[in-house]
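Q: Build me a structure from this.
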Amino acid sequence: PMKEALALSYTEMGLLATGFFAGYMVFAVLTSLAAARLGARLVLLFSLLFAGLALAATGLAQGFEMALAARTVTGAATAGAYVQAMSLPASWFTLRRRGMAAGAQTGGTGLGFVATGFLIPLVLSSQGEAAWRYAWAYLGAAVVLIALGAGIWVRNHPQDKGLSPFGPPDPAVSTPPARPRLGAVYTSPILWQISLVYLLYGFTNIVVMTFFIAYVTREAGMDQGAAGGAWAVLGAMVTFSGLAWGAVSDRLGRAPGMALSLFFLGLAPFLLTAS
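A: Got it, this is the predicted structure:
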């Protein structure tokens, strides 16, 4: 509906996604540097607030340029929220439970898919020609509420609440590892190997996520309600699989768990094109 209301092409819709991820890429680094000084909680809180405002601003767009600016700011703010949220289990969980913790976080993403899969088609079908604007506003309001919840409940370390990290104790080490210099981090070969894997993951997976609804409505002939239901099913599977793969990671190790999950992810497009 947004595409049609603003008379955007699929190229321009793709550029909106590009703006989002360009903002995300830059601020994933900058907000992480800020979190090293200020703490993840503070960066998470303000990033969520800015993300909520930018989501609502997307609904006010009168053309491509304003929509692109709003989506770029949304991506920048999302980086500060998502990256810092994913870093918190390192403090709150011991080594042998961090896979489960990361899986639970991924499950939270799936619950968001389920909620939007049902609620957004409902908004689009009940608010008239401006329904897509209301949808962005409601998403923004939801993220602001989540920001307030994060400000109330999230803490940087379990010691802030008089607690210990959850899970079996980590093996004792005679000399704790020194905090690496920033230059040493960015010259680490393993960092660039993982970054290459994540680049390929994003290059393929994000295309599917960006154009999923367009594909099932335009190519598969689904209406908005059915497409939202398909999105919700996807979210339900994310919720279940995040917990499952987290447990696999804790048992087999991070590298084998990642390799297995990416292997099955690689099979998925073949099933989609065969359907």
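Q: Please point out which parts of the helix or strand containing Leu265 sit buried.
A: Here Leu265 is covered by helix 254-274, with elements defined by DSSP states H and E. When burial is assessed from 16 or more other CB atoms under 10 Å, helix 254-274 yields the following buried residues: Gly257, Met258, Ser261. Quick note: C-beta positions are derived from backbone N, CA and C, even for glycine.
Q: other SSEs contacting that helix?
A: Other helices and strands packing on helix 254-274, by 3 or more CB pairs under 8 Å, 6 or more residues apart in numbering; DSSP states H and E, are helix 189-214, helix 224-252.
Q: nearest to Thr94, of these?
A: Closest approach to Thr94 among the helices and strands packed on helix 254-274 (CB to CB): helix 224-252, 10.3 Å.
Q: so what's the residue lying closest to Glu12 once chain neighbours are set aside up against?
A: Excluding its sequence neighbours, the residue lying closest to Glu12 (CB to CB, 6 or more residues apart in numbering) is Phe64, at 5.2 Å. Contacts for Phe64 were tallied using CB atoms under 8 Å, 6 or more residues apart in numbering; they are Leu6, Leu8, Glu12, Leu15, Leu16.
Q: Among those, which are located in helices?
A: Among those, DSSP state H puts Glu12, Leu15, Leu16 in helices.
Q: wait, doesn't the last one sit right on Arg71?
A: When you say that, I think you mean Leu16. Yes: counting by CB atoms under 8 Å, Arg71 is a contact partner of Leu16 at 4.7 Å.
Q: can you give me the helices in the stretch 51-200 of the chain?
A: Assigned helices in the stretch 51-200 of the chain, in chain order: 64-87, 89-92, 98-126, 131-153, 182-186, 189-214 (criterion: DSSP state H, counting those that start in this stretch).
Q: would you put the C-alpha positions of the shortest one in PDB?
A: So the one you mean is helix 89-92. Below are the C-alpha coordinates for helix 89-92, written out as PDB (Å, rounded to 0.1, in the frame of the first residue of the first chain):
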ATOM      1  CA  PRO A  89      23.900 -12.500  27.200                       C
ATOM      2  CA  ALA A  90      27.700 -12.300  27.400                       C
ATOM      3  CA  SER A  91      27.200 -10.700  30.800                       C
ATOM      4  CA  TRP A  92      24.000 -12.400  32.000                       C
END
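Q: Show me which residues of that helix are buried.
A: For helix 89-92, burial by neighbour count (16+ other CB under 10 Å) applies to Pro89, Trp92.
Q: distance between it and the chain's centre?
A: Centre-to-centre, helix 89-92 and its host chain are 18 Å apart (CA atoms, centre = their mean, to the nearest Å).
Q: what's it packed up against?
A: helix 98-126.
Q: Residue ranges in the stretch 151-275 of the chain under the pLDDT threshold?
A: 173-180, 182, 275 (pLDDT under 70).
Q: how about a cut-off of 80?
A: 170-186, 204-216, 218-221, 223-225, 227-228, 231, 234, 242-243, 269, 272-275 (pLDDT under 80).
Q: Next one: the residue nearest the centre of the chain from Ala28, what distance?
A: When CA atoms, centre = their mean is applied to the chain, the residue found nearest the centroid is Tyr82 (5.8 Å). The spacing between Tyr82 and Ala28, counted by CB to CB, to the nearest Å, is 8 Å.
Q: What about Gly167, how many residues nearby?
A: Residues within reach of Gly167, counting by other CB atoms under 10 Å, total 17.
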